[in-house]
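> Pasting the sequence and the predicted model now:
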Amino acid sequence: MTKKTNSDYQSNQHFITDSLWVAKALMKNLARKVNRDLGDFKLQSLNIDENSTRKLGKNSVGVSNQYNGNLGKFENSQTGVFATLCKVELVCQVNGKLYLPKV
């Protein structure tokens, strides 16, 4: 097992907060790769689905008392909406967004 160091944290933190990268360009690149891998559109399906994760505290972004489909009830949760392209057994996630409640 590899021990995480402070430098790993600092590198990841820099990438997320300070480095210059454009999400739109990344998604376009991903779309090109998915199209290359999946090929013929006649055999594909686009699936859009939400998924919720129960959260005990309120320190994560987007956490609120909202309906959690995995639990079948209202609970402190974080919810994301995901788009995937599927062809037979191959599934490629092409986009995902964190749902941010008004509260």
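That came through, no problem.
> and residue 93, what are its phi and psi?
For residue 93, the backbone dihedrals (degrees, to the nearest 10) come out as phi -80, psi 130.
> Run through the bridge partners of it.
Judged by DSSP bridges, the bridge partners of residue 93 are residue 84.
> Tell me the confidence at the residue lying closest to residue 51 once chain neighbours are set aside?
The shortest distance from residue 51 to any non-neighbouring residue, by Cβ to Cβ, 6 or more residues apart in numbering, is to residue 80 (5.8 Å). No exception for glycine: its C-beta is placed from N, CA and C like everyone else's. pLDDT recorded at residue 80 is 93.
> right, and residue 80 touches residue 93 too?
No - the pair residue 80 / residue 93 is not scored as a contact, 10.6 Å apart, by Cβ atoms under 8 Å.
> re earlier: got the CA coordinates for the helix or strand harbouring the residue nearest to residue 51 in CSV?
Using DSSP states H and E, residue 80 sits within strand 73-87. Provided in CSV are the C-alpha atoms of strand 73-87 (Å, rounded to 0.1, in the frame of the first residue of the first chain):
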residue,chain,number,x,y,z
LYS,A,73,-36.5,8.6,0.9
PHE,A,74,-35.5,12.2,1.7
GLU,A,75,-32.0,12.2,3.3
ASN,A,76,-28.9,14.4,3.5
SER,A,77,-27.5,13.6,0.1
GLN,A,78,-25.3,14.7,-2.8
THR,A,79,-26.8,14.2,-6.3
GLY,A,80,-25.2,14.0,-9.7
VAL,A,81,-26.7,13.8,-13.2
PHE,A,82,-24.8,11.6,-15.7
ALA,A,83,-24.9,11.0,-19.4
THR,A,84,-23.5,7.7,-20.8
LEU,A,85,-23.4,6.3,-24.3
CYS,A,86,-23.9,2.5,-24.5
LYS,A,87,-23.3,-0.1,-27.2
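> Right, I'll call it a day here.
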